[in-house]
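Participant: need a 3D model of the following:
(2 chains)
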Amino acid sequence: KNQVEQSPQSLIILEGKNCTLQCNYTVSPFSNLRWYKQDTGRGPVSLTIMTFSENTKSNGRYTATLDADTKQSSLHITASQLSDSASYICVVSDGGSYIPTFGRGTSLIVHP
Amino acid sequence: KAGVTQTPRYLIKTRGQQVTLSCSPISGHRSVSWYQQTPGQGLQFLFEYFSETQRNKGNFPGRFSGRQFSNSRSEMNVSTLELGDSALYLCASSPTGGKLFEKLFFGSGTQLSVL
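Facilitator: Numbering: from 1, shown residues only, chains lettered A, B, ... in the order given. Okay, here's the model as predicted:
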């Protein structure tokens, strides 16, 4: 069964600090891995999309890495801002059916 | 460009009733997909439509159905509502639903409460 596990479940950091969120998956075959940011009461917003051949992808202060061998990804947030407070969701798509499997998300709270 | 529009924003129904949710994609987008989000299960894929045809379907019972119109607008229907159907229902659109690089754009969702 395809699964996506995210850690930590929640994280509290101070404004200006960096943090790293983790995503482990067992989806096979692999198509792509996406990170989304979801603010409370809103739909998810795409941060990065990575395929098998990509190791790193950046979007401003967000940098995602992918290790397809160990089936792990991370999302690094640099110099956090109050507006980074949100849920971050990792999504992996099956390369056969292309059906996405979602992680439960990491809830990030940035304190001033 | 207007974003993905979902109506209604909130909905309250009772068990056994049916409900229809609407989604208007970004202009020019032909792929619409639907998702259920609950605190317990997180986000789950329901189905995807492209050019009025269902192209992919998740693991949900037949009570959940959808359709897409020629203008790419989509509706989702849930019949014989159960308490467990209470959730945020999200739709997303993309130009072609291309698998590798295409970004999905989500609406703000319809919050369904079943009493």
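
Participant: list the contacts for the closest residue to chain A within chain B?
Facilitator: Taking Cβ to the nearest Cβ as the measure, chain B has B:F106 as its residue closest to chain A, at 3.1 Å. Just so you know, the C-beta spots here come from the backbone N, C-alpha and C atoms, and that holds for glycine as well. B:F106 makes contact with A:43-45, B:4, B:90-92 under the criterion Cβ atoms under 8 Å, 6 or more residues apart in numbering or on different chains.

Participant: count the residues that sit near residue 50.
Facilitator: You didn't pick a chain, so chain A it is. Around A:M50 sit 20 other residues, with neighbours defined as other Cβ atoms under 10 Å in any protein chain shown.

Participant: you answered for a different chain; I wanted chain B.
Facilitator: 18.

Participant: who's the closest spatial neighbour of the residue of chain B closest to chain A, skipping the chain neighbours?
Facilitator: Spatial nearest neighbour of B:F106, chain neighbours left out: A:G43 (3.1 Å); criterion: Cβ to Cβ, 6 or more residues apart in numbering or on different chains.

Participant: count residues in the vicinity of the one you found, would you?
Facilitator: By the measure other Cβ under 10 Å, the count of residues near A:G43 is 22.

Participant: surely it is in contact with B:L90?
Facilitator: Yes. With contact defined as Cβ atoms under 8 Å, A:G43 counts as touching B:L90 (5.2 Å).

Participant: phi, psi of the residue in chain A positioned nearest to chain B?
Facilitator: Per Cβ to the nearest Cβ, the residue of chain A with the smallest distance to chain B is A:G43, at 3.1 Å. When read as degrees, to the nearest 10, the backbone of A:G43 gives phi -80, psi 160.
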